[in-house]
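Visitor: 3D, please:
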Amino acid sequence: MDHAQTELSVCDDDTLGGRISLARDAAALSVTETALILGVETATWSNWENDRAEPRANRLGMLAGVLQVSVGWLLAGQGRGPGYSA
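Guide: Okay, the predicted model is just below:
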């Protein structure tokens with residue numbers, strides 16, 4: 001497998017909240033830390049992860065940057081997903 005393929009991840013059978021949670025865990029960040037970095041309430045972040053609410057479009061780019069994934073991966077599960085260290 002070439003390097004380009006290892007950076008792409010397909011996770012289209014999960015929800016947006018599930019992918020947000022997965023990426024946060026992979027980044028080794030707590031809910032409190034990520035909420036603080038993004039400038040949202042901890043409850044708001046938790047609602048996103050639990051599919052009770054969705055981030056606004058203007059937050060998606062920032063969220064992807066903080067979690068080091070692509071917006072496409074967050075929305076559809078396709079593209080650059082979270083990297084796990086082996």
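Visitor: where's the residue most central in space within the chain, which helix or strand?
Guide: In the chain, the centroid-proximal residue (C-alpha atoms, centre = their mean) is I20; its distance is 3.3 Å. I20 belongs to helix 16-26 when assigned by DSSP states H and E.
Visitor: can you list the neighbours in contact with that helix?
Guide: 11, 14, 31, 34, 48-52, 54, 63, 67-69, 73-75, 77, 81-84 (C-beta atoms under 8 Å, 6 or more residues apart in numbering). Quick note: C-beta positions are derived from backbone N, CA and C, even for glycine.
Visitor: one more: stretch 55-66?
Guide: Identification of contacts with stretch 55-66 by C-beta under 8 Å, 6+ apart yields 20, 27, 29, 34, 37-38, 40, 48, 70-71, 73-75.
Visitor: let's see which of those residues end up in helices.
Guide: 20, 34, 37-38, 48, 71, 73-75 (DSSP state H).
Visitor: in CSV: those residues, plus distance to N58 and pLDDT.
Guide: Output for those, formatted as CSV (distance: C-beta to C-beta, whole Å; pLDDT from 0 to 100):
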residue, distance to N58, pLDDT
I20, 16, 96
T34, 17, 96
I37, 15, 96
L38, 11, 95
W48, 14, 97
V71, 12, 95
W73, 18, 93
L74, 14, 94
L75, 14, 93
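Visitor: show me which of the residues you listed are buried.
Guide: Listed as buried from those are 20, 34, 38, 48, 73-74; burial here means 16 or more other C-beta atoms under 10 Å.
Visitor: need the max-distance pair from those.
Guide: L38 and W73 (17.0 Å; C-beta to C-beta).
Visitor: so the nearest residue to S70 once chain neighbours are set aside is in which element?
Guide: Ranked by C-beta to C-beta, 6 or more residues apart in numbering and with sequence neighbours excluded, the top spatial neighbour of S70 is G79, at 3.8 Å. If you go by DSSP H and E, G79 is part of strand 78-80.
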